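Enquirer: okay, here's the prediction I keep looking at, along with the sequence it came from:
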Amino acid sequence: MEREFFSSAEKLCSFYGIAPANFPLSVYPENIAKSIKDLKQKLEGVDKNLELIVAHDEDHAACLSVKKTFDTKTTLYYLPVEPLYDLLQDDKRKKTAELLLSVLAYLYQIGGIPYHGEQGSYLSSVYDMIYDWSSEEECFDDENEEQYILGHIELMGHRSKWLLEKLNKKVHLQKFEKRLNGFRPCSETEQELLALAKQAYALYCDFPNFSIIDRIDTGLFDQDENYDSCRVYAENYLSFIWSFTDCLYDQVMETVNNELQEYNEIDEPATIQFFDTVQLSQAHDHTFEIRFFDLLNGITDNLNDFNHEKHNR
């Protein structure tokens, strides 16, 4: 372990142009502890976004590595699908619905965004919790309100399941390019959709196998008893959601915010460079993450715009 640690420390110092520390009066494990403290300070001087990690896994006993995390800005990236459902019910907007379907199918099938109507997803459990609360006696003073809420959740469940079947079909990725090239926007919202679809298709072509979930590596964390209970996972802040404007939205967001504010760590996309061998170039490239989250922000706004169109007709 000691030999591997200092071998990787030598390679790391050489790569970043850091002067290696020397603690001749310290013995193992004190010498390693002092070296880690010294290297962390020096690495922060190179780039404050770099984090020193001592990798301990099946391939390494104690290998120094450097992690660079992509900042998600503690934002909830929730994509409402009700606007897609509404477009799919309108025969006059078939091409608009199909292009939007291809974009969201990419985000679900390839990008790895969890779906709120899929059993086991985080928001699915939130919706189930709200349903259970709403089913309790004396939850509502007005019985009609209770029936309305419960009926809405059940209807949302059926429609979400129907949409999931569509999002899961490979044909929507296979026809992505054809739909993109054949689309002629008739409104400002459709013009924005076309721009976002081009953005999504380019990302799909440039990174055909990249999932945002796969870019989050938790393998180097110590899997202690507190790990599962104190972290915000990707599925907590990345998800499809039914609607931003229905009768459940405020309660969903209140539930999510109350739960997540209790956590003090967050899993985010990160790149890790190991120094078990000599490194010749920087391995920290977040081009995919930058483009992916930019797309999420844009498509969320666009979905909201489609929703506003419906209400302003």
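Expert: Good, I have the coordinates.
Enquirer: looks to me like Phe240 is in a helix.
Expert: No - looking at Phe240 with DSSP: H, G, I helix; E, B strand; the rest coil, it is strand, so not inside a helix.
Enquirer: counting neighbours, what do you get for Tyr108?
Expert: Tyr108 has 22 neighbouring residues, counting by other CB atoms under 10 Å. Every C-beta, even on glycine, is put in place using the N, C-alpha and C of the backbone.
Enquirer: got the contact list for the helix or strand hosting it?
Expert: Per DSSP states H and E: Tyr108 is located in helix 94-109. Here helix 94-109 makes contact (CB atoms under 8 Å, 6 or more residues apart in numbering) with 79, 81, 83-84, 87-88, 90, 113, 115, 166-170, 172-173, 175-176, 179-180, 182-184, 190, 193-194, 196-197, 200-201, 203-204, 240, 295-296, 299, 306.
Enquirer: in it, what's buried?
Expert: 95-109 (16 or more other CB atoms under 10 Å).
Enquirer: so which residues of the stretch 1-150 of the chain form helices?
Expert: Assigned by DSSP state H, counting those that start in this stretch, the stretch 1-150 of the chain shows helices spanning 2-16, 30-46, 82-88, 94-109, 122-135, 143-167.
Enquirer: could you check how far Leu303 is from His116?
Expert: As defined by CB to CB, to the nearest Å, Leu303 lies at a distance of 14 Å from His116.
Enquirer: what touches both of the two?
Expert: In contact with both Leu303 and His116: Val81, using CB under 8 Å, 6+ apart.
Enquirer: got the angle between the helix holding Tyr108 and helix 143-167?
Expert: 80 degrees (axes from the mean of the first three to the mean of the last three CA atoms, to 10 degrees).
Enquirer: pLDDT weak spots in the stretch 151-300 of the chain?
Expert: 217-229 (pLDDT under 70).
Enquirer: if we go to 80?
Expert: Where the stretch 151-300 of the chain drops to pLDDT under 80, the residues are 217-230.
Enquirer: strands of that one, residue ranges please.
Expert: 231-232, 238-241, 265-266, 270-274 (DSSP state E, counting those that start in this stretch).
Enquirer: outside of the second one, which residues touch it?
Expert: Think strand 238-241. Residues from elsewhere that reach strand 238-241 (CB under 8 Å, 6+ apart): 77-81, 104, 108, 113-117, 121-123, 212-213, 249, 252, 296.
Enquirer: just the buried members of the residues you listed?
Expert: Listed as buried from those are 77-81, 104, 108, 113-117, 121-123, 212-213, 252, 296; burial here means 16+ other CB under 10 Å.
Enquirer: what's the closest non-adjacent residue to Ser7?
Expert: Nearest non-adjacent residue to Ser7, counting by CB to CB, 6 or more residues apart in numbering: Asp276, 7.9 Å away.
Enquirer: what sits against that neighbour?
Expert: With CB under 8 Å, 6+ apart, Asp276 has these contacts: 4, 7-8, 11, 59-60, 63.
Enquirer: over to Glu265?
Expert: 230-232.
Enquirer: quick check: bridge partners of it?
Expert: Going by DSSP bridges, Glu265 is paired in beta bridges with Arg231.
Enquirer: same question for Leu50.
Expert: Here Leu50, judged by DSSP bridges, has bridge partners Lys68.
Enquirer: could you report the neighbour count for it?
Expert: Neighbours of Leu50 (other CB under 10 Å): 17.
Enquirer: could you check the distance from it over to Asn236?
Expert: On the measure of CB to CB, Leu50 and Asn236 end up 26 Å apart.
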